[in-house]
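A.B. asks: Model the following, please.
(chains A and B)
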Amino acid sequence: MTGDWATPTAIAVIALVAFAMRCGGYIVINLLPIGQRTRKALKLAPGHLFTAFMAAAVVQGGLPYLAGVIVTVGTMAATSKDWLAMLSGGVAASAIAWLLAA
Amino acid sequence: MGIALKQIGFDLVMAVLFSGLVFSASAQAVAVQMWMLPVPIAAMAVAALSINARYLVMGAYLRELFHDVSPRRMIPTLLLLTDGSWMMAVAEAERGRRDAGYLLGISVALYLGWVAGTALGHALSFGMTGALAVGASFLPVAMVVGALPSQWKSASNLLSWSVAAVVTLVAAIFIPGHWAMILGAAVGIAVAMAGADDDR
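C.D. replies: The predicted structure follows:
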């Protein structure tokens, strides 16, 4: 996979986008003030993208991913510890996959 | 991240390069989940743009906060900006300790930890199969899903988030999952914008 052009190209594109976003607001604020509606849409983007991403992942991963998602969200909401939420979600996904295979 | 990258076939150099150049847990996690052959670069770029668009607001805020620091010094600092370093620097400023050097220091520490963690995870992980592989492949999803509670602002999120999820699920029947995800998010944001009068 790492010998082809697509992997470094994808990394470079994602890195450029990330850097452009990091510097963009700082650079353009005086040239092009961000309006209230745009500001609101920008704030809303991550939550909706994360939700859509979660739905797409469950379609792809089935019941194990669904269990993982529920446990991750529940643990994060209850403890606010991201490492514990990730670990619990991974364990739940593994456990359900193991049960389905048994 | 190192474990997840190894699972999709990245070697150590490419994994460290990915974390070192992008340095965005959520954007990287989504990219890993979207990874397939041929690599959907356009969809990944749109997803990375959507996820990192919040930095536009954060960067604009920093311009106002550190108006007396030259762009020549601030722009390299922004290369390493994260949610965590932004929040900590803003919190310090609100306590009367406004310091661009603090923002840089925190960002560098988080950056080194992220890149080193990627390398360590890649080096220590082993070839996984069966249920263990399912758990490992779920980790990038967990990184993104774990960030969801922090995005919850009010009960009105429930409707627009549900719309985003349902549109994604339906669209995934007809179009590739990565584009379905972007469509679902866009419709969800539109619903939230149409129904929201409160300033979130």
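A.B. asks: Would you mind measuring from the residue nearest the centre of chain B to residue B:132?
C.D. replies: Centroid check for chain B by CA atoms, centre = their mean gives residue B:26 as the closest residue, at 2.3 Å. Between residue B:26 and residue B:132 the computed distance is 24 Å (CB to CB, to the nearest Å). Bear in mind the C-beta positions are built from the backbone N, C-alpha and C, glycine included.
A.B. asks: again with residue B:58
C.D. replies: Going from residue B:58 to residue B:132 by CB to CB gives 37 Å.
A.B. asks: ok now the top helix by length along chain B, how far from the chain's centre?
C.D. replies: For chain B, the helix that runs over the most residues, judged by DSSP state H, is helix B:100-124. Relative to the chain's own centre, helix B:100-124 is displaced by 15 Å; criterion: CA atoms, centre = their mean, to the nearest Å.
A.B. asks: Which residues belonging to that helix are considered buried?
C.D. replies: For helix B:100-124, the neighbour count (16 or more other CB atoms under 10 Å in any protein chain shown) marks B:100, B:103-104, B:106-107, B:110-111, B:114-115, B:118-119, B:121-122 as buried.
A.B. asks: same check, this time on stretch A:7-15
C.D. replies: So for stretch A:7-15, counting by 16+ other CB under 10 Å, buried means A:7, A:10-11, A:13-15.
A.B. asks: do stretch B:175-188 as well
C.D. replies: Buried-residue list, stretch B:175-188, by 16+ other CB under 10 Å: B:177-188.
A.B. asks: Show me those that map onto helices.
C.D. replies: Taking DSSP H, the ones among those that sit in helices are B:177-188.
A.B. asks: The residues you listed: which ones sit near chain A?
C.D. replies: By CB under 8 Å from any CB of the partner chain, the members of those lying near chain A are B:177-178, B:180-185, B:188.
A.B. asks: now the chain, which segments are flagged as low pLDDT?
C.D. replies: Because you didn't say which chain, this covers chain A. A:1-3, A:30, A:32-34 (pLDDT under 70).
A.B. asks: meant chain B actually
C.D. replies: Looking at chain B by pLDDT under 70, you get B:126-128, B:196-200.
A.B. asks: in stretch B:131-142, what's buried?
C.D. replies: Of the residues in stretch B:131-142, B:131, B:134-142 count as buried by neighbour count, 16+ other CB under 10 Å.
A.B. asks: And for stretch A:19-29?
C.D. replies: A:19, A:21-27, A:29.
A.B. asks: Same check on stretch B:81-89?
C.D. replies: B:81-83, B:85-86, B:88-89.
A.B. asks: and chain A, which of the residues you listed reach it?
C.D. replies: residue B:81.
A.B. asks: any chance of the buried residues of stretch B:81-89 in CSV, plus distance to residue B:72 and secondary structure?
C.D. replies: Listed next are the buried residues of stretch B:81-89 as CSV, based on distance: CB to CB, whole Å; DSSP: H, G, I helix; E, B strand; the rest coil:
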residue, distance to residue B:72, secondary structure
B:81, 16, coil
B:82, 21, coil
B:83, 25, helix
B:85, 19, helix
B:86, 20, helix
B:88, 23, helix
B:89, 19, helix
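A.B. asks: Just the element for residue 14, please.
C.D. replies: Defaulting to chain A. Counting by DSSP states H and E, the element that carries residue A:14 is helix A:6-28.
A.B. asks: wrong chain, I was asking about chain B
C.D. replies: Going by DSSP H and E, residue B:14 is in helix B:12-22.
A.B. asks: Could you export that helix as CSV, CA atoms only?
C.D. replies: Output of helix B:12-22 as CSV, limited to C-alpha atoms (Å, rounded to 0.1, in the frame of the first residue of the first chain):
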residue,chain,number,x,y,z
LEU,B,12,6.0,2.8,10.4
VAL,B,13,7.4,5.7,8.3
MET,B,14,4.1,6.4,6.6
ALA,B,15,2.2,6.2,9.9
VAL,B,16,4.5,8.7,11.6
LEU,B,17,4.4,10.9,8.5
PHE,B,18,0.6,10.8,8.6
SER,B,19,0.4,11.8,12.2
GLY,B,20,3.3,14.3,11.9
LEU,B,21,1.8,16.1,8.9
VAL,B,22,-1.9,16.0,9.6
